[in-house]
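Engineer: Okay, structure incoming, though there's no sequence with it:
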């Protein structure tokens, strides 16, 4: 009798194991495992901050740091208020997505973002708009970006201008909202070396 119970338990465990392994081997594989990411969520930008790369020792670079120009990037961080949710209506548990998915947002209230100088830089005077000198990953200047749909709330911009050695960029970054308001953030870059 005891032997039959033990044999039945082994049979049950073996059947369960075969069911799990069989299902995982037979399950159709997606051609791109990273393609299943949630859609962009509707949001309003509520504030703006500027930080600087490189990010080292668990912190962004500050105006007290000295960094090579080729590692320098301006990072824009947008605080946001969600207007919609992407939770699954079909399952109370929601849905699982790849870990590589970055949250994307459709910012409905942003008109544009601009960066101006608060101190002269080379032959550029204080107050000059230098948005055209900062480019996103697709090499599109900030001055040309007007569509803020499918956007990350934290994105970096590479400086494409020429600088003298040991220069520092003092900026005022404007977040222009469609309702006419402006949110402003002043900052100073790290000291930038060119050699």
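Structural biologist: Here it is on my side, so go on. Source: prediction; values computed, not measured.
Engineer: could you say which helix or strand contains residue 16?
Structural biologist: Following DSSP states H and E, one finds residue 16 within helix 2-26.
Engineer: Give the buried residues for whatever helix or strand comes next after that helix.
Structural biologist: Remark: after helix 2-26, the chain's next helix or strand is strand 41-56, criterion DSSP H and E. Neighbour counts using 16 or more other CB atoms under 10 Å place 42, 43, 44, 45, 48, 50, 51, 52, 53 of strand 41-56 among the buried residues. Just so you know, the C-beta spots here come from the backbone N, C-alpha and C atoms, and that holds for glycine as well.
Engineer: pLDDT weak spots in this protein?
Structural biologist: 1, 19-36, 85-100 (pLDDT under 70).
Engineer: Please enumerate the strands of it.
Structural biologist: In order along the chain, the chain carries the following strands (DSSP state E): 41-56, 59-61, 66-68, 73-82, 105-107, 110-117, 134-135, 154-159, 170-177, 182-188, 191-193.
Engineer: mind listing what the fourth one pairs with, with the direction of each?
Structural biologist: Sheet pairing of strand 73-82 (DSSP bridges) gives strand 41-56 (antiparallel), strand 154-159 (antiparallel).
Engineer: Tell me the buried residues in it?
Structural biologist: 73, 74, 75, 76, 77, 78, 80.
Engineer: Sort out which one of the residues you listed lies nearest residue 188 for me.
Structural biologist: residue 74 (11.3 Å; CB to CB).
Engineer: hey, what's the closest one bridged with?
Structural biologist: Here residue 74, judged by DSSP bridges, has bridge partners residue 52, residue 157.
Engineer: how close does it sit to residue 81?
Structural biologist: 24 Å (CB to CB, to the nearest Å).
Engineer: cool, residue 42 as well?
Structural biologist: On the measure of CB to CB, residue 42 and residue 81 end up 10 Å apart.
Engineer: before we move on, what about residue 57?
Structural biologist: 32 Å.
Engineer: on that earlier part again, for the strands of the chain, please prepare JSON lines with the additional fields distance to residue 128.
Structural biologist: Shown next, in JSON lines, are the strands of the chain (distance: least, CB to CB, whole Å):
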{"stretch": "strand 41-56", "distance to residue 128": "17"}
{"stretch": "strand 59-61", "distance to residue 128": "23"}
{"stretch": "strand 66-68", "distance to residue 128": "23"}
{"stretch": "strand 73-82", "distance to residue 128": "16"}
{"stretch": "strand 105-107", "distance to residue 128": "26"}
{"stretch": "strand 110-117", "distance to residue 128": "5"}
{"stretch": "strand 134-135", "distance to residue 128": "13"}
{"stretch": "strand 154-159", "distance to residue 128": "14"}
{"stretch": "strand 170-177", "distance to residue 128": "10"}
{"stretch": "strand 182-188", "distance to residue 128": "15"}
{"stretch": "strand 191-193", "distance to residue 128": "17"}
